[in-house]
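Student: sequence plus the predicted model coming up.
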Amino acid sequence: VVLVLIYSAVEAKESPPKVQVYSRNPGNFGNKNTLICHVSGFHPPDISIQLLKNGMEIPDAKQTDLAFEQGWQFHLTKSVGFTPDSG
(Lines give C-alpha, C1' and ligand atoms only; values in the text may rest on other atoms or scores of the structure.)
Protein backbone atom coordinates (compact mmCIF):
# COMPACT_ATOMS: atom_id res chain seq x y z
CA VAL A 1 0.00 0.00 0.00
CA VAL A 2 1.40 3.35 -1.02
CA LEU A 3 0.07 6.50 0.55
CA VAL A 4 0.61 9.76 -1.28
CA LEU A 5 -0.11 12.96 0.53
CA ILE A 6 -0.16 16.21 -1.37
CA TYR A 7 -0.18 19.31 0.75
CA SER A 8 -0.53 22.77 -0.66
CA ALA A 9 0.06 25.66 1.68
CA VAL A 10 -0.96 29.12 0.68
CA GLU A 11 1.07 31.93 2.09
CA ALA A 12 -1.11 34.95 2.61
CA LYS A 13 0.34 38.01 4.24
CA GLU A 14 -1.76 40.27 6.40
CA SER A 15 -2.69 43.39 4.45
CA PRO A 16 -4.49 46.45 5.82
CA PRO A 17 -7.53 47.65 3.88
CA LYS A 18 -7.40 50.50 1.38
CA VAL A 19 -10.55 52.60 1.98
CA GLN A 20 -12.15 54.95 -0.55
CA VAL A 21 -15.23 56.98 0.44
CA TYR A 22 -17.06 59.05 -2.17
CA SER A 23 -20.50 60.03 -3.41
CA ARG A 24 -21.98 58.70 -6.63
CA ASN A 25 -22.79 62.23 -7.87
CA PRO A 26 -21.40 65.68 -7.05
CA GLY A 27 -22.87 66.91 -3.76
CA ASN A 28 -25.74 69.39 -3.97
CA PHE A 29 -27.78 70.37 -0.93
CA GLY A 30 -31.25 68.86 -1.03
CA ASN A 31 -30.51 66.44 -3.90
CA LYS A 32 -30.56 62.68 -3.25
CA ASN A 33 -27.23 60.95 -3.62
CA THR A 34 -25.42 57.73 -2.66
CA LEU A 35 -22.51 57.45 -0.23
CA ILE A 36 -20.11 54.69 -1.29
CA CYS A 37 -17.36 53.08 0.77
CA HIS A 38 -15.10 50.75 -1.22
CA VAL A 39 -12.65 48.66 0.82
CA SER A 40 -9.99 46.67 -1.02
CA GLY A 41 -6.67 44.88 -0.79
CA PHE A 42 -7.13 43.39 2.67
CA HIS A 43 -6.34 40.04 4.26
CA PRO A 44 -7.56 38.26 6.29
CA PRO A 45 -11.15 38.64 5.08
CA ASP A 46 -12.53 39.39 8.56
CA ILE A 47 -13.83 42.96 8.27
CA SER A 48 -16.78 45.06 9.36
CA ILE A 49 -17.80 48.32 7.68
CA GLN A 50 -20.10 50.85 9.31
CA LEU A 51 -21.32 54.03 7.64
CA LEU A 52 -21.87 56.64 10.34
CA LYS A 53 -23.59 60.01 10.63
CA ASN A 54 -22.91 61.97 13.83
CA GLY A 55 -21.50 58.80 15.40
CA MET A 56 -24.60 56.70 14.68
CA GLU A 57 -24.79 53.94 12.07
CA ILE A 58 -26.82 54.95 9.01
CA PRO A 59 -29.71 52.48 8.56
CA ASP A 60 -30.56 50.60 5.34
CA ALA A 61 -26.99 50.44 3.99
CA LYS A 62 -26.36 47.73 1.41
CA GLN A 63 -23.17 45.69 1.20
CA THR A 64 -21.80 43.59 -1.64
CA ASP A 65 -20.61 40.04 -1.08
CA LEU A 66 -16.98 39.64 -0.15
CA ALA A 67 -14.98 39.27 -3.38
CA PHE A 68 -11.59 37.65 -3.93
CA GLU A 69 -8.67 39.43 -5.60
CA GLN A 70 -5.34 38.16 -6.86
CA GLY A 71 -2.76 37.54 -4.12
CA TRP A 72 -5.25 36.34 -1.49
CA GLN A 73 -6.68 39.80 -0.92
CA PHE A 74 -10.34 40.77 -0.77
CA HIS A 75 -12.66 43.69 -1.50
CA LEU A 76 -16.22 44.78 -0.86
CA THR A 77 -18.40 47.87 -1.13
CA LYS A 78 -21.02 49.32 1.19
CA SER A 79 -23.40 52.09 0.14
CA VAL A 80 -26.39 54.03 1.39
CA GLY A 81 -28.67 56.71 0.00
CA PHE A 82 -28.54 60.16 1.58
CA THR A 83 -29.55 63.75 0.95
CA PRO A 84 -26.89 66.36 1.76
CA ASP A 85 -28.05 69.22 3.97
CA SER A 86 -26.34 72.44 5.00
CA GLY A 87 -26.24 71.75 8.70
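Tutor: Cool, got the structure.

Student: quick one: the strands in this structure?
Tutor: Here the chain has its strands, by DSSP state E, at 18-23, 33-42, 52-53, 56-57, 62-63, 67-69, 73-82.

Student: including mean pLDDT and mean neighbour count, could the ones you listed go into CSV?
Tutor: Quick note: C-beta positions are derived from backbone N, CA and C, even for glycine. Compiled in CSV, the strands of the chain are given as follows (pLDDT from 0 to 100; neighbours: other CB atoms under 10 Å):
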stretch, mean pLDDT, mean neighbour count
strand 18-23, 96, 12
strand 33-42, 96, 17
strand 52-53, 90, 10
strand 56-57, 94, 9
strand 62-63, 98, 12
strand 67-69, 90, 11
strand 73-82, 96, 17
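
Student: how far does stretch 47-62 stretch from start to finish?
Tutor: As for stretch 47-62, its first-to-last residue distance stands at 15 Å under the measure CA to CA, to the nearest Å.

Student: typo on my end, it should be stretch 51-59
Tutor: Using CA to CA, the end-to-end distance of stretch 51-59 comes to 9 Å.

Student: just stretch 45-53 next, same as before
Tutor: End-to-end distance for stretch 45-53, by CA to CA: 25 Å.

Student: go on, stretch 25-45?
Tutor: Using CA to CA, the end-to-end distance of stretch 25-45 comes out at 29 Å.

Student: quick one: contacts of it?
Tutor: Outside stretch 25-45, the residues that touch it by CB atoms under 8 Å, 6 or more residues apart in numbering are 12-24, 47, 49, 51, 58, 66, 69, 72-86.
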